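In: Sequence below, structure please.
(4 chains)
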Protein chains: 2
Amino acid sequence: MQKVDRRILRTERLLMDALVALALEKSYDAITIRDITERADVSYSTFFRHYSEIDDLLAEVLKTVVDDLTRLIKHSKSRESEGLLIFQHVAANAAFFRVMFSSQGTSRVMQKLRDDTAAVVLESARFPADGLVPPEIAANHMVAAILALIRWWLDHDMPYSVERMEQIYSRLIIDATQQAVTPE
Amino acid sequence: MQKVDRRILRTERLLMDALVALALEKSYDAITIRDITERADVSYSTFFRHYSEIDDLLAEVLKTVVDDLTRLIKHSKSRESEGLLIFQHVAANAAFFRVMFSSQGTSRVMQKLRDDTAAVVLESARFPADGLVPPEIAANHMVAAILALIRWWLDHDMPYSVERMEQIYSRLIIDATQQAVTPE
DNA sequence: CACATATGCTATACTGTGTATCATAAAGTG
DNA sequence: CACTTTATGATACACAGTATAGCATATGTG
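Out: Okay, here's the model as predicted:
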């Protein structure tokens, strides 16, 4: 564990916060590096000393939030409350997740996130291989569906409670997929 | 029905074809207007006489293919072959659909397409309103799932037949959603 | 054929990215 | 605390891509 200069941590935190704040105000595509550095009160040239493009910074931001969620789920005992944890975490970090979806223009970042998550689901879910629906497709479906559900919830300003969303998630995604992959 | 100058049709067709060809060669984000006009063998300034930005051109391209599919489905008699029509159409226009997904950076275009389709599904499916899953969420889920399924199929170079995909689609998306929205 | 107009071409302004350089401030080290 | 390291600020600059304007030419329409 090497020690990191406090100035680096400070600058990167300022840049990350600035990106999130800006993404909530205008379209992700419209955000410039100058916007970010001005908002963060950091020199323009300093940006390039940490990231080579805005997408790099976005990836960092998303990684932080997703890692938090992953750790949260991993450390929880009861497995059935997984959906609850997800929606609680989304609600608590709504700003970050809004950025995540509004920035979907950035296909690379989101695509990697999707594929990585699908890989995790694939190996942890252990879908039967002899069914009509191939395990890979089932995993891809689950990840796409949960992301779509979260997006809908945020886009519509969270009109249903976390508990209700958990029920919908269980039925529409978990149970439905499980049933679809199970051979008759 | 107003008559359109053949020169206009010619130019727009050249630009659309050029965009599709380029999108298959490199990242959508990396495509410049100059790339497109050079490939189309059209003057740079002419581009702006038809579209104000590349996304406009992309929207035109996607609209063409999606309208074709919509018309196809509308004109078919048997309703159960809907999935078959979809995957046949995707296979026949694979290049266009690949562009559609690779360009997902362009959130606006894809987002509008998704939301519009979800609205159509919502009013044609007539999901029960008293179930656990709200109809709006069910419609959103179906559209996101079918798009994710098509994307997976293309990303993996169509490893399963159109018929197999139709079966997967019916079970994983149609039947599963229908069952999830139905109150006990 | 006469007219309308879409296109080609050139010049130009503007915005945003990315790099280089140097002085300064701030952090780490013994 | 003195010394060294390095992260930052500031500025200048090269470059790519967007967007508009003006005029000559080619092509389609009636």
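
In: how deep is A:Thr64 tucked in, by neighbour count?
Out: For A:Thr64, the neighbour count with other Cβ atoms under 10 Å in any protein chain shown is 12. C-betas here are computed from N, CA, C, even on glycine.

In: Can you pull the poorly scored residue ranges out of chain A?
Out: Regions of chain A meeting the criterion pLDDT under 70 cover residues A:1-2, A:78-80, A:104-107.

In: what does it put close to DNA strand D?
Out: Counting by Cβ under 7 Å from any atom of the strand, chain A comes close to DNA strand D at A:5, A:7-8, A:10-11, A:41-46, A:49-50.

In: Now list the buried members of these.
Out: A:Thr11, A:Val42 (16 or more other Cβ atoms under 10 Å in any protein chain shown).

In: I'd like the distance between A:Ser103 and A:Glu12.
Out: Distance of A:Ser103 to A:Glu12, computed by Cβ to Cβ, to the nearest Å: 18 Å.

In: In which helix or strand does the residue most central in space within chain A reside?
Out: Central residue of chain A (Cα atoms, centre = their mean): A:Val66, 5.1 Å from the mean position. Of the helices and strands defined by DSSP states H and E, A:Val66 is found in helix A:54-75.

In: circling back to that earlier point, kindly reformat the residues of chain A next to DNA strand D as JSON lines and extend each row with secondary structure and distance to B:Thr182.
Out: Shown next, in JSON lines, are the residues of chain A next to DNA strand D (DSSP: H, G, I helix; E, B strand; the rest coil; distance: Cβ to Cβ, whole Å):
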{"residue": "A:Asp5", "secondary structure": "coil", "distance to B:Thr182": "59"}
{"residue": "A:Arg7", "secondary structure": "helix", "distance to B:Thr182": "59"}
{"residue": "A:Ile8", "secondary structure": "helix", "distance to B:Thr182": "55"}
{"residue": "A:Arg10", "secondary structure": "helix", "distance to B:Thr182": "54"}
{"residue": "A:Thr11", "secondary structure": "helix", "distance to B:Thr182": "54"}
{"residue": "A:Asp41", "secondary structure": "coil", "distance to B:Thr182": "55"}
{"residue": "A:Val42", "secondary structure": "coil", "distance to B:Thr182": "55"}
{"residue": "A:Ser43", "secondary structure": "coil", "distance to B:Thr182": "59"}
{"residue": "A:Tyr44", "secondary structure": "helix", "distance to B:Thr182": "57"}
{"residue": "A:Ser45", "secondary structure": "helix", "distance to B:Thr182": "60"}
{"residue": "A:Thr46", "secondary structure": "helix", "distance to B:Thr182": "57"}
{"residue": "A:Arg49", "secondary structure": "coil", "distance to B:Thr182": "57"}
{"residue": "A:His50", "secondary structure": "coil", "distance to B:Thr182": "52"}
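
In: Identify the farthest-apart pair in the residues of chain A next to DNA strand D.
Out: Maximum pairwise distance among the residues of chain A next to DNA strand D (Cβ to Cβ): 20.1 Å, between A:Asp5 and A:Tyr44.

In: ok, and the closest non-adjacent residue to A:Gln167?
Out: B:Leu132 (5.9 Å; Cβ to Cβ, 6 or more residues apart in numbering or on different chains).

In: Check whether that neighbour really touches B:Ala138, as I assumed.
Out: No: assessed by Cβ atoms under 8 Å, B:Leu132 is found out of contact with B:Ala138, at 10.2 Å.

In: Run the contact check for stretch A:29-44 versus DNA strand C.
Out: Yes: applying Cβ under 7 Å from any atom of the strand, one finds stretch A:29-44 touching DNA strand C at A:Thr32, A:Ile33, A:Arg34, A:Tyr44.

In: Would you mind confirming that the last one is in contact with A:Ile33?
Out: Yes: with contacts counted by Cβ under 8 Å, A:Tyr44 reaches A:Ile33, the gap being 6.8 Å.

In: ok and the helix or strand harbouring A:His141 relative to helix B:135-155, angle-wise?
Out: Assigned by DSSP H and E, A:His141 falls within helix A:135-155. With axes from the mean of the first three to the mean of the last three Cα atoms, to 10 degrees defining the directions, helix A:135-155 sits at 140 degrees from helix B:135-155.

In: Going by neighbour count, which residues in helix A:135-155 are buried?
Out: By 16+ other Cβ under 10 Å, the buried positions in helix A:135-155 come out as A:135-154.
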